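Q: coords please:
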Amino acid sequence: MPDRVGHSVHWGPVTTHHVRERWILRPFLSVRAWIMISAACLVATVVLGLTVGSRAGGPAFLAFVVAGYIAWRAAYKWRAWNEAIAAHKVKAAQAAFDESDRELQRRWLRQQLRDNDA
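A: You can find the predicted model right below:
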């Protein structure tokens, strides 16, 4: 069996692996929330570094770096999520238009049959 299959709309592989690769999940928190978390970790780094010393400031600084990286990646993930939602809306609108076009075609064919029978 060939690895590609024909369809009236899409040519693609038989497996759903390509679908899972392009699957985009909604991010858990917004970019603003991650920025607030990283700011809180930075404040905790400064406060713990001043009060306790570098023993506690080190892990808090590591938490700040991790939260900052996640905030940086969240912006990309939200952009990809919004693009996927917009593409889905465009596909749905195109499918609705195609369905209405097919319905008009079927109506026209029925009318032609009635005209030919009469």
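Q: And the helices in this protein, which stretches?
A: 17-21, 31-51, 54-117 (DSSP state H).
Q: Can I get those in CSV including mean pLDDT?
A: Shown next, in CSV, are those (pLDDT from 0 to 100):
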stretch, mean pLDDT
helix 17-21, 60
helix 31-51, 85
helix 54-117, 86
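Q: highest average neighbour count across these?
A: helix 31-51 (a mean of 15; mean count of other CB atoms under 10 Å). Every C-beta, even on glycine, is put in place using the N, C-alpha and C of the backbone.
Q: So which residue is smack in the middle of the protein?
A: Nearest residue to the geometric centre of the chain (CA atoms, centre = their mean): residue 81, 2.8 Å.
Q: Am I right that it is in contact with residue 30?
A: No - taking contacts as CB atoms under 8 Å, residue 81 lies outside contact range of residue 30: 10.9 Å.
Q: circling back to that earlier point, show me the contacts for the residue nearest to the centre of the chain.
A: Residue 81 is in contact with 24, 25, 26, 27, counting by CB atoms under 8 Å, 6 or more residues apart in numbering.
Q: Mark which of these are buried, thanks.
A: Neighbour-count burial (16 or more other CB atoms under 10 Å) applied to those gives residue 27.
Q: nearest residue to residue 37 other than its sequence neighbours?
A: Counting by CB to CB, 6 or more residues apart in numbering, residue 37 lies nearest to residue 67, which is 4.8 Å off, once chain neighbours are set aside.
Q: again with residue 84
A: residue 24 (4.5 Å).
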